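Sequence first, predicted model second:
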Amino acid sequence: MSFDRRTRIEQMRKADRARDRRTRVLVISLSAVVVAGLVSFGAYTLIDRSEASADQKAADAKNAEQSEAEKKELADGPIQGEKTWDAKKLTRNHVTEAVSYPMKPPVGGDHSPVWMNCDGDVYKKAIPDMNAVHALEHGSVWVTYTDKASAADVDKLADRVAKTPYSLMSPYTDQAGSIMLSAWGKQVTVDSADDRRVAQFFAKYVQGPQTPEPGAACTGGQAAP
């Protein structure tokens with residue numbers, strides 16, 4: 001092999017090595033830029049999410065304050081057409097024999113030892129009076145309706161009950177009004193699910209001051225018949 005040829009081969013090898021070094025430097029530099037970009041994007045995303053979470057918490061707190069204020073306003077006002085029974089005359093014995101109540105639906109009196117589940121329970125069929133009265137004793141509100149209530153009203157009331165612990169709902173054939181709400185010693189007949197008195201009654205009597213046994217269980221009792 002001639003000297004000139006060896007020289008050209010060596011120059012070509014040097015050029016290849018130089019090109020390889022430049023390629024490695026370029027790859028490393030690009031990788032560093034990409035990593036830095038990803039880190040910056042991740043940090044921005046975390047900060048953005050953190051700020052969004054803080055904003056959401058602030059909004060939730062504000063809504064909760066408004067809800068509590070609205071609830072207090074509803075609970076403090078009188079309920080038009082509400083009927084009240086003397087709590088001292090509503091006996092509270094646990095009995096197994098049938099009880100004949102003077103009002104329909106009943107709002108108190110002797111009742112079954114087992115309460116009707118009232119943790120937002122919506123019953124499609126009629127439930128026993130004696131179990132329902134025990135649920136009222138625990139501070140629940142009982143929504144009842146006849147076949148004269150519209151399907152839209154029944155659905156709206158069911159939705160409210162399902163979202164409200166210490167409440168229950170069932171059909172009731174022989175009550176005076178198409179929609180009635182009962183608590184221990186309290187009762188009102190309303191015109192529709194949108195009647196303001198529905199919100200008032202819930203705000204005032206779900207675990208309200210009329211409750212003989214506040215905080216007592218609303219689960220673990222009688223389920224759907």
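Nice, thanks for sending it over. Here the structure is a predicted model, which means the values were calculated and not measured.

alpha carbons only for contacts and neighbour counts from here, please
Fine.

any low-confidence regions in this structure?
For the chain, residues meeting the criterion pLDDT under 70 lie at 1-66.

and with 50 instead?
46, 59-66 (pLDDT under 50).

For the most centrally placed residue in it, which non-adjacent residue is closest in space?
With the centre of the chain defined as its mean C-alpha position, the nearest residue by Cα atoms, centre = their mean is Lys163, 4.9 Å away. Excluding the flanking residues, the one nearest Lys163 by Cα to Cα, 6 or more residues apart in numbering is Gly120, at 6.1 Å.

That neighbour: how many residues sit nearby?
Using other Cα atoms under 10 Å, the number of residues around Gly120 comes to 23.

Make sure it is indeed in a helix.
No: secondary structure of Gly120, determined by DSSP: H, G, I helix; E, B strand; the rest coil: strand, with no helix assignment.

still on that earlier bit, hmm, Cys118 and the residue nearest to the centre of the chain touching each other?
No: the pair Lys163 and Cys118 does not pass the contact test of Cα atoms under 8 Å, sitting 11.4 Å apart.

quick one: the residue nearest to the centre of the chain and Val107, what's the gap?
Distance from Lys163 to Val107, counting by Cα to Cα, to the nearest Å: 22 Å.

for Asp159, same thing?
When distances are taken as Cα to Cα, Asp159 and Val107 turn out to be 23 Å apart.

ok, these two, which is more surrounded?
In terms of neighbours (other Cα under 10 Å), Val107 is the more surrounded of Asp159 and Val107; the figures are 27 against 13.

Ramachandran coordinates for Pro171?
When quoted as degrees, to the nearest 10, the phi and psi of Pro171 stand at phi -70, psi 150.

how about the nearest residue to Leu225, chain neighbours excluded?
Actually, residue 225 is Pro. It isn't Leu. Computed as Cα to Cα, 6+ apart, the closest residue to Pro225 that is not its neighbour in sequence is Ile127, at 6.6 Å.

residues in contact with the one you found?
Under the criterion of Cα atoms under 8 Å, 6 or more residues apart in numbering, the contact partners of Ile127 comprise Ser170, Ala224, Pro225.

Remind me which helix or strand the first one belongs to.
Ser170 belongs to strand 167-171 when elements are defined using DSSP states H and E.

What is the helix or strand following that strand packed up against?
Moving toward the C-terminus from strand 167-171, the next helix or strand (DSSP H and E) is strand 179-183. When contacts are defined as 3 or more Cα pairs under 8 Å, 6 or more residues apart in numbering; DSSP states H and E, strand 179-183 packs onto strand 141-145, strand 186-190, helix 196-205.

No further questions, thank you.
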